[in-house]
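Asks: quick one: sequence and predicted model below, then my questions.
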Amino acid sequence: MLDRLMEMRLVGTAILLGMADVLHAFAIMDKDDVFKKTPCPAFLMFDNAAYLADMSFELPCKCKPEEVTSVVWYFQKSMGSQQTKVLTDFDGTMFLDSGHIRMGSDMLKRFSIRMFSLIVFQAQVKDSGHYLCGTKKGDFFYGYDVDVQPSKAITVAFEDRRQHPQKDHTEKHFSMFTTFWDWTKCDRCGVRGEQRRIGLCYVKSAYLYSRYHTVPTDVVSCGSRSVPERFQGTIRRRKPEVVIRSCLTPCVETKGPEEGVQSISNLIAKIGQKPWLPKVPIQFHKQQIGSGLIIACPGARPEHAVAWDKDSTRLYRTRFLTGVNKSMRVFIDHGNHLHIRFAQLDDRGTYYCWREGQMVAGFRLSVGFRGHRKRTLDDPETRYAIKAILTSYVLITMVFIGIHVSRCCCYVFRCTPMEWPD
């Protein structure tokens, strides 16, 4: 009887495994059929897509012939440009760790191709242009018109101060407006936090170039190549914007320490002083006084809700966002990085980073005096000193020349005899 039951169980297991293989094969076939169901357009069109600088974006190659097993991505700054960048390793399998990408590096070092899709990390304004999916022979299947809008000159509005976003602007042949994304999560929990809402600039006009595919058909982002050049002078003056407001969200309850860990901790407390246990992983860093420092929150991207604290002091964007005060030495940029310019002794402390409403990391910063070392022209302090000296020299020279010119003018007008006509 037991043998019979074992045989039945083995047969059932084999049937289940067979069904799993069939389902897996069906899933693979269904995934391959995506390109069969999406025919490539007979005439190459460009889909419009807009992003904010320092964000990462992905462009899927939505169609390709069945026989094509790898794709090549091309980049053109403008239509018909002779300068075309080839973005591929000719295998379609290039992998890149986004954590090793430096801000402002060349696009050829900031892209990856995965499953025929192009991924660009930390996009810059100079990455705006046409992206084409094709083959090594130069056959194109799909195209994108990418507009990366700048974050440096972004317009900021604080709802708590009753500030409002930019109003729509209407001209004779086009109108400009802002399209906002959803509000981010509250960047802190248990205490007052902040939310952001990013808005990008868009144009509505009946005079857009027809080769660009947009939804709706008469609306594109302000930096799109489908906008006629005669409109761009006015459109460039409108910037993307971000709206910030306060929020309050309760923290999610976390499990306490296990019974054995709690007993050991209590025993240590009885024997002597209980050791300091950090709430989050702490990284230690030593900075030289007078030098600059940029701190990034681990795993955070510009579109995430990120907040910073120094010890028990909250660094709210209403006070520390870049551009709020031009003389700020400590500020947060729109990419969620914390900047410390010309580090001072009072900058010492622990800086905590919140990501998506949870505290995730801490940075213990110590500031000390620098030792004797040989100066080079690459040092920021050396460049600043040279710039200050040259500026002072130019100003002093201008004042010196101005004084002597004025003295000469006074001498000429006072000492030159007046000639009277006979």
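Replies: Done, it's in.

Asks: okay, CA-based contacts and neighbour counts for the rest of this
Replies: Fine.

Asks: give the contact list for I295.
Replies: Residues near I295 by C-alpha atoms under 8 Å, 6 or more residues apart in numbering: 337-339.

Asks: pLDDT below threshold where in the stretch 201-350 of the chain?
Replies: For the stretch 201-350 of the chain, residues meeting the criterion pLDDT under 70 lie at 254-277.

Asks: can you give me the strands in it?
Replies: 212-213, 219-221, 241-248, 282-288, 293-295, 306-310, 313-315, 330-332, 338-340, 349-355 (DSSP state E, counting those that start in this stretch).

Asks: mind putting those strands in a markdown table, distance to S175 included?
Replies: Putting the strands of the stretch 201-350 of the chain into a markdown table (distance: least, C-alpha to C-alpha, whole Å) gives the following:
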| stretch | distance to S175 |
| --- | --- |
| strand 212-213 | 18 |
| strand 219-221 | 10 |
| strand 241-248 | 17 |
| strand 282-288 | 50 |
| strand 293-295 | 39 |
| strand 306-310 | 34 |
| strand 313-315 | 38 |
| strand 330-332 | 33 |
| strand 338-340 | 36 |
| strand 349-355 | 37 |
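
Asks: who wins for most neighbours among the contacts of I295?
Replies: Tallying neighbours with other C-alpha atoms under 10 Å puts L338 at the head of those, with 23 neighbours.

Asks: quick one: which of the strands of the stretch 201-350 of the chain is nearest T322?
Replies: Closest to T322 of the strands of the stretch 201-350 of the chain is strand 330-332 (C-alpha to C-alpha; 5.5 Å).

Asks: which strands or helices does the closest one pack on?
Replies: Counting contacts by 3 or more C-alpha pairs under 8 Å, 6 or more residues apart in numbering; DSSP states H and E, strand 330-332 is packed against helix 317-320, strand 338-340.

Asks: among those, which is nearest W73?
Replies: strand 338-340 (34.5 Å).

Asks: just give the strands next to the closest one in its sheet, each with its orientation.
Replies: strand 293-295 (antiparallel), strand 330-332 (antiparallel) (DSSP bridges).

Asks: could you export the ones you listed as TSV, including distance to S366?
Replies: As requested, the strands paired with strand 338-340 are arranged in TSV below (distance: least, C-alpha to C-alpha, whole Å):
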stretch	distance to S366
strand 293-295	12
strand 330-332	16
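
Asks: what's the closest of the ones you listed to L200?
Replies: Here strand 330-332 is closest among these (C-alpha to C-alpha), at 20.2 Å.

Asks: so what touches that closest one?
Replies: 317, 320-322, 338-341.

Asks: let me see the ranges of the helices in this structure.
Replies: Using DSSP state H, the helices found in the chain span residues 2-37, 229-235, 259-271, 317-320, 380-415.

Asks: next, the buried residues of the fourth one.
Replies: By neighbour count, with 16 or more other C-alpha atoms under 10 Å as the criterion, the buried positions of helix 317-320 are 317-318, 320.

Asks: can you give me the neighbour number for W181?
Replies: Neighbours of W181 (other C-alpha under 10 Å): 12.

Asks: what's the farthest-apart pair in the contacts of strand 330-332?
Replies: R317 and R341 (17.1 Å).

Asks: isn't I244 up against G199?
Replies: No. With contact defined as C-alpha atoms under 8 Å, I244 does not count as touching G199 (11.3 Å).

Asks: count the residues that sit near A385.
Replies: If you count neighbours by other C-alpha under 10 Å, A385 ends up with 11.

Asks: cool, and P250?
Replies: 12.

Asks: which residue, other than its chain neighbours, is closest to it?
Replies: Spatial nearest neighbour of P250, chain neighbours left out: G190 (4.8 Å); criterion: C-alpha to C-alpha, 6 or more residues apart in numbering.

Asks: count of neighbours near that neighbour?
Replies: The burial count for G190: 12, using other C-alpha under 10 Å.

Asks: got a list of what it touches?
Replies: G190 neighbours (C-alpha under 8 Å, 6+ apart): 248-251.

Asks: 10 Å instead, please
Replies: 248-252, 357-358 (C-alpha atoms under 10 Å, 6 or more residues apart in numbering).

Asks: so T217 touches S210, yeah?
Replies: Yes. Contact between T217 and S210 holds when scored by C-alpha atoms under 10 Å: they sit 8.9 Å apart.

Asks: what's the separation between the nearest residue to C40 once chain neighbours are set aside and K310?
Replies: Distance criterion C-alpha to C-alpha, 6+ apart; nearest residue to C40, sequence neighbours excluded, is C63 at 5.4 Å. Note on C63: its distance to K310, by C-alpha to C-alpha, to the nearest Å, is 50 Å.

Asks: again, but for Q83
Replies: For Q83, the distance to K310 - C-alpha to C-alpha - is 47 Å.

Asks: between the two, who's got more neighbours?
Replies: Higher neighbour count among Q83 and K310: K310, with 17 against 10, using other C-alpha under 10 Å.

Asks: of the contacts of I295, which is the nearest to R407?
Replies: For the contacts of I295, the nearest to R407 is H339 (49.0 Å; C-alpha to C-alpha).

Asks: out of the strands of the stretch 201-350 of the chain, nearest to E159?
Replies: So among these, strand 241-248 is nearest, using C-alpha to C-alpha, at 5.2 Å.

Asks: how many neighbours does Y411 have?
Replies: 11.

Asks: my bad, should have said F158
Replies: 17.

Asks: against V219, how distant is the closest residue to it other than its chain neighbours?
Replies: Using C-alpha to C-alpha, 6+ apart and skipping residues adjacent in sequence, the residue nearest F158 is I244, 5.0 Å away. In this structure, I244 and V219 are 26 Å apart, going by C-alpha to C-alpha.

Asks: how many neighbouring residues does the nearest residue to M55 once chain neighbours are set aside have?
Replies: Distance criterion C-alpha to C-alpha, 6+ apart; nearest residue to M55, sequence neighbours excluded, is Q122 at 4.8 Å. Other residues lying near Q122 total 24 when counted by other C-alpha under 10 Å.

Asks: distance of Q122 from W73?
Replies: Look at Q122 and W73: by C-alpha to C-alpha, they are 18 Å apart.
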